[in-house]
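Fold the stuff below for me.
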Amino acid sequence: MSYAIQMPAIGGPDVLSQVEFNQPQPGPGEILIRNRAAAVNFIDTIIRQGEMPDGIMPALPHIPGVEGAGVVEGLGEGVTGFALGDRVAWMGSIGAAGYGSHSVIAAPYVTRIADDVPFATAAALPVNAMTAWQMLVNLGGAAAEKTVLVHAAAGGVGTMIQHIAKHLGMTVIASASTDKLDYARAQGADFVVDYRRENVTTRVKELTGGRGVDLTLNPISGDTLKSDLDALAPLGTAVVFGFLAGPPNGSFAQDMVPHFQKSVAVRLSDIYTYFTAQPQAFNADMARIFDLLSQGILRPQITEIPLENAAEAHRRLETGKTTGKLVLTVD
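Numbering: from 1, shown residues only. Model prediction:
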């Protein structure tokens, strides 16, 4: 029998409970993975709270977890390049059951990991590092000597953004709360801005000699997108990848038109668009980020919590007091 932590109903963290279920089997093109670690993401808490948009909310009971790492235990028809016993990391769609002993994942979303990479470290990488790479490289045109403003710089994605941006030769301005500025500095930020005590746009302009930044990466939205537009340099791009403070306020006429002569761009980034639309390219980028991990360029900052304490992991994530990534270890 397999086991998992599931949410039988919408509610607080205490609704999470352990259950047993029949071990799944891989179909054509799929891989059965015995999970050894699974990462915790905001989407897990959003589903538990019942706040997913209409048509996307999964049926209950639901086993959370969209990324993890473990060992290959079964191969579906047509799968090549993997063998039983391979150590792997994976990313899956909603329903991938990372909070469980076993997951069945389509082969393009699985990548082998080196023998010296801990499972907990590998589990922390796919969503955050792929999100960072997609925004910086595929959408944002990252390049040496460009400047990026990173919001929520002490979070899991913010950490990966800083590592990758510095590897690519960019100047990083990290926005974080007062108690997380030292953390951001330790991840490689060239400059830090305390968004609670400083005006981010004003400080960015000071740091860039009035020019502004080439790229902003923003999971906050709300009023912050308008601020980002003010902070952009000519031909700059603002990428929105979350709505922690709600959808963007304002309007196109009020907020975009005044920047017409800077020719700025606003992009939305949902990593699952890339995941679904271009699986082979996604697979190649997964291999790239794990190569960066092996080189020591990516250094996920993780806190490990046993799977049976998943409710505590949700509580910690929802307080906003965590840094880096929470990872559930699967016994």
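
In three-state terms, label the spatially most central residue of the chain for me.
Among the residues of the chain, the smallest C-alpha distance to the mean C-alpha position (Cα atoms, centre = their mean) belongs to residue 128, namely 2.7 Å. What DSSP: H, G, I helix; E, B strand; the rest coil gives for residue 128 is helix.

So it sits against residue 163, correct?
No. The criterion here is Cβ atoms under 8 Å, and residue 128 misses it with residue 163 at 10.1 Å. All C-beta atoms are positioned from the backbone trio N, CA, C, and that covers glycine.

list the contacts for the residue nearest to the centre of the chain?
Residues touching residue 128, when contacts are defined by Cβ atoms under 8 Å, 6 or more residues apart in numbering, comprise 156, 157, 159, 160, 300, 325.

Just the buried residues of those residues.
Using 16 or more other Cβ atoms under 10 Å as the burial test, the contacts of residue 128 include 156, 157, 159, 160, 300, 325 as buried.

can those go into TSV with extra columns for distance to residue 61 and secondary structure?
Listed next are those as TSV, based on distance: Cβ to Cβ, whole Å; DSSP: H, G, I helix; E, B strand; the rest coil:
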residue	distance to residue 61	secondary structure
156	26	helix
157	28	helix
159	32	helix
160	31	helix
300	30	coil
325	25	strand
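
if I look at the residue nearest to the centre of the chain, how far off is residue 302?
Per Cβ to Cβ, to the nearest Å, residue 128 is found 10 Å from residue 302.

can you list residues touching both of the two?
residue 325.

farthest residue from the center of the chain?
Distance from the C-alpha centroid of the chain peaks at residue 261, with 33.0 Å (Cα atoms, centre = their mean).

doesn't residue 26 fall inside a strand?
No. When the secondary structure is assigned by three-state DSSP, residue 26 falls in coil instead of a strand.

Nearest spatial neighbour of it, chain-adjacent residues omitted?
For residue 26, ignoring the flanking residues on the chain, the nearest one in space by Cβ to Cβ, 6 or more residues apart in numbering is residue 76 at 3.7 Å.

Tell me who's in contact with the one you found.
Under the criterion of Cβ under 8 Å, 6+ apart, the neighbours of residue 76 are 26, 27, 28, 29, 30, 31, 32, 107.

possible to save these as a markdown table with distance to residue 225?
Output for the contacts of residue 76, formatted as a markdown table (distance: Cβ to Cβ, whole Å):
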| residue | distance to residue 225 |
| --- | --- |
| 26 | 42 |
| 27 | 42 |
| 28 | 43 |
| 29 | 39 |
| 30 | 39 |
| 31 | 39 |
| 32 | 42 |
| 107 | 37 |
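
Check those residues for burial and list the buried ones.
The neighbour-count test (16+ other Cβ under 10 Å) applied to the contacts of residue 76 identifies 26, 30, 31, 32, 107 as buried.

what about residue 84, neighbour count?
For residue 84, the tally of surrounding residues (other Cβ atoms under 10 Å) stands at 10.

Kindly report the domain assignment for this structure.
If the domains of the chain are taken from automatic domain parsing, they occupy 2-125+300-329, 128-271, with pieces of a single domain joined by a plus sign.

Relative to residue 286, which of these is closest?
Checking the domains of the chain against residue 286 by Cβ to Cβ gives domain 2-125+300-329 as the closest, at 4.6 Å.

Figure out how far the closest one is from the centre of its chain.
A distance of 14 Å separates the C-alpha centroid of domain 2-125+300-329 from that of its chain, computed with Cα atoms, centre = their mean, to the nearest Å.

Now do that domain: distance from first to last residue.
15 Å (Cα to Cα, to the nearest Å).
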